[in-house]
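Enquirer: just coords:
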Ligand SMILES: Cc1cc2nc3c(=O)[nH]c(=O)nc-3n(C[C@H](O)[C@H](O)[C@H](O)COP(=O)(O)OP(=O)(O)OC[C@H]3O[C@@H](n4cnc5c(N)ncnc54)[C@H](O)[C@@H]3O)c2cc1C
């Protein structure tokens, strides 16, 4: 049973990643007067483009998910306006540090591979990726957008043409006329195994056959596979690089990825002169369940820490940087990127059930990347604004 006096909003947006925040940022640019609630399981905005802080070290910021992104496709007018506003606010800029490549003998060279050197270059948040989402929300203001962090929606119900959202123990609830899901957690069967849920919440909320668009969304999603990542975070202190400079990223060649099961190394300067390193570890394929997770995290930390001297052996400066290295744990990304079966943009909004979707899993330019996530949020905001 839901609590009595449930708060009511026009629109509930689940997820404060790049797509959910772009949706809200674009609504603000369109001068929408929708009363919005944003619900996010994490401590702050960012999602897979979030930045890790440390309770023991003020000022420490490490991009432990996406460290940046490419803008490879011509932007729509809306996307252009959103990105320009972020650039003008000084929170989005083009990367100027080198990006290197590492081969299967651990030799470093300037890279030309399209994934490491995308057309148009790399863009990143300033001083960290989470700042992009923060800026999008700050622009909208807290009066128009009520934020609920550290709140994971578990239960969805469609009642008298409204949506009812509740957390796991039903101590928090919210009523909304319209609902947007920016992540797939409430709609994809992966949550069954990963979180030991016994139903897919969106499926339970609207029975099969009631809304054919929604049925199409759920059946499409069922087939979508995602990639797992294990990202080791390291504090490198203030290393003496012996004349070398830290690259922004080191991408492993295909043969090197196969040998070490690592995708890339990302180096990030800290305000006080220290450096952070994130090692993007590829998956071993073992199923992640509430029971296996702790063991897998420890296993990956040990594996990735022990690989570092070998990976950096060809640069005396970078090797020396490992002398003071302090591992800060591993972040597991259960669904770091969607790999296939994108959702057709025509299904981004299901009018009958008044539920919509945005995220990097929507079909179109930038599918599976930050660019696609931003685009999908902008497009959905424009569609909903025009439909009013
Ligand atoms: C390790 C890693 C490296 C990457 N590298 C790159 C890169 O180099 N270039 C690039 O373009 N992209 C990269 N990506 C992908 C990029 O980060 C994503 O495409 C983008 O951030 C997705 O944004 P989103 O809003 O679609 O989803 P998300 O960021 O996942 O946002 C969804 C949000 O919804 C929240 N949420 C979900 N369900 C619930 C619920 N039930 N209740 C409350 N909150 C909920 C989640 O906590 C999350 O914050 C990388 C991703 C990872 C993980």
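Expert: Arrived safely. Not measured: the values here are computed from a predicted model. Numbers count the residues shown, from 1 in each chain.
Enquirer: any residues of this structure in contact with the ligand? List them.
Expert: 14-20, 39-42, 47-49, 65-66, 69, 152-153, 182-183, 185-186, 229, 231, 280, 333, 336-337, 359-360, 369-371, 373 (C-beta under 6 Å from any ligand atom). Heads up, the C-betas are built off the backbone N, CA and C, glycines and all.
Enquirer: now intersect those with the strands, please.
Expert: Using DSSP state E, the subset of these located in strands is 14, 39, 69, 153, 229, 231, 280, 333, 336-337.
Enquirer: wait, residue 145 touches residue 37, no?
Expert: Yes: in this structure, residue 145 is within contact of residue 37 by C-beta atoms under 8 Å, at 7.4 Å.
Enquirer: which one's more surrounded, those two?
Expert: residue 145 (25 against 21; other C-beta atoms under 10 Å).
Enquirer: residues contacting the residue in the stretch 101-250 of the chain that the ligand sits nearest to?
Expert: Proximity of the stretch 101-250 of the chain to the ligand (C-beta to the nearest ligand atom) peaks at residue 183, 3.0 Å away. By C-beta atoms under 8 Å, 6 or more residues apart in numbering, the residues touching residue 183 are 14-15, 17, 47, 359.
Enquirer: what sits against the residue nearest the centre of the chain?
Expert: Centroid-nearest residue in the chain, with C-alpha atoms, centre = their mean: residue 48, separated by 1.8 Å. Residue 48 is in contact with 17-18, 65-66, 333, 336, counting by C-beta under 8 Å, 6+ apart.
Enquirer: would you quantify the distance from it to residue 60?
Expert: Separation of residue 48 from residue 60 (C-beta to C-beta, to the nearest Å): 20 Å.
Enquirer: returning to what we had before: filter the residues of the chain next to the ligand to the buried ones?
Expert: 14-20, 39-42, 47-49, 65-66, 69, 152-153, 182-183, 185-186, 229, 231, 280, 333, 336-337, 359-360, 369-371, 373 (16 or more other C-beta atoms under 10 Å).
Enquirer: could I get the full set of helices for this structure?
Expert: Assigned by DSSP state H, the helices in the chain fall at 18-29, 77-88, 130-140, 190-194, 201-205, 212-223, 254-260, 293-311, 316-320, 370-387.
Enquirer: what's the longest one packed up against?
Expert: Just to be clear, that refers to helix 293-311. Where contact means 3 or more C-beta pairs under 8 Å, 6 or more residues apart in numbering; DSSP states H and E, helix 293-311 is packed against strand 226-235, helix 254-260, strand 262-269, strand 275-282, strand 326-338.
Enquirer: reformat the ones you listed as a markdown table; add distance to residue 109.
Expert: A markdown table is the format used below for the helices and strands packed on helix 293-311 (distance: least, C-beta to C-beta, whole Å):
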| stretch | distance to residue 109 |
| --- | --- |
| strand 226-235 | 23 |
| helix 254-260 | 12 |
| strand 262-269 | 14 |
| strand 275-282 | 19 |
| strand 326-338 | 26 |
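Enquirer: would you format the ones you listed as CSV with mean pLDDT included?
Expert: Formatted as CSV, these follow (pLDDT from 0 to 100):
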stretch, mean pLDDT
strand 226-235, 94
helix 254-260, 97
strand 262-269, 96
strand 275-282, 97
strand 326-338, 92
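Enquirer: list the contacts for residue 142?
Expert: With C-beta under 8 Å, 6+ apart, residue 142 has no contacts at all.
Enquirer: ramachandran angles for it?
Expert: phi -80, psi -10 (degrees, to the nearest 10).
Enquirer: where does it land on pLDDT?
Expert: Note for residue 142: predicted pLDDT of 74.
Enquirer: just residue 193 next, same as before
Expert: For residue 193, the model assigns a pLDDT of 71.
Enquirer: also the one 4 residues further on?
Expert: We note a pLDDT of 86 for residue 197 in this prediction.
Enquirer: low-confidence stretches in the stretch 251-388 of the chain?
Expert: Counting by pLDDT under 70, the stretch 251-388 of the chain shows no low-confidence range.
Enquirer: next, count neighbours for residue 247.
Expert: Quick note: residue 247 (other C-beta under 10 Å) scores 20 neighbours.
Enquirer: for it, give its distance to residue 69.
Expert: 17 Å.
Enquirer: rewinding a little: deepest of the helices of the chain, which one?
Expert: helix 18-29 (a mean of 28; mean count of other C-beta atoms under 10 Å).
Enquirer: I'd like the average pLDDT over it.
Expert: In the prediction, helix 18-29 has an average pLDDT of 97.
Enquirer: tell me how far that helix is from the chain's mean position?
Expert: Taking the mean of its C-alpha atoms, helix 18-29 sits 15 Å from the chain's own mean (C-alpha atoms, centre = their mean, to the nearest Å).
Enquirer: which part of the stretch 201-350 of the chain gets nearest to the ligand, residue-wise?
Expert: residue 336 (3.5 Å).
Enquirer: residues touching the nearest residue to that residue once chain neighbours are set aside, list them.
Expert: Closest residue in space to residue 336, ignoring its immediate chain neighbours: residue 229 at 4.0 Å, by C-beta to C-beta, 6 or more residues apart in numbering. Applying C-beta under 8 Å, 6+ apart, we find residue 229 in contact with 263, 280-283, 332-333, 336.
Enquirer: one more time with 7 Å
Expert: 280-281, 283, 333, 336 (C-beta atoms under 7 Å, 6 or more residues apart in numbering).
Enquirer: residue 97 reaches residue 248, doesn't it?
Expert: Yes: applying C-beta atoms under 7 Å as the test, residue 97 and residue 248 come out as touching, 3.9 Å apart.
Enquirer: neighbour-wise, which of the two wins?
Expert: residue 248 (18 against 15).
Enquirer: low pLDDT regions in the stretch 51-200 of the chain?
Expert: For the stretch 51-200 of the chain, no stretch has pLDDT under 70.
Enquirer: rerun at 90
Expert: For the stretch 51-200 of the chain, applying pLDDT under 90 flags the ranges 55-59, 111-117, 119-120, 139-144, 188-199.
Enquirer: quick one: stretch 346-354 to chain centroid distance?
Expert: For stretch 346-354, the distance to the chain centre is 23 Å (C-alpha atoms, centre = their mean).
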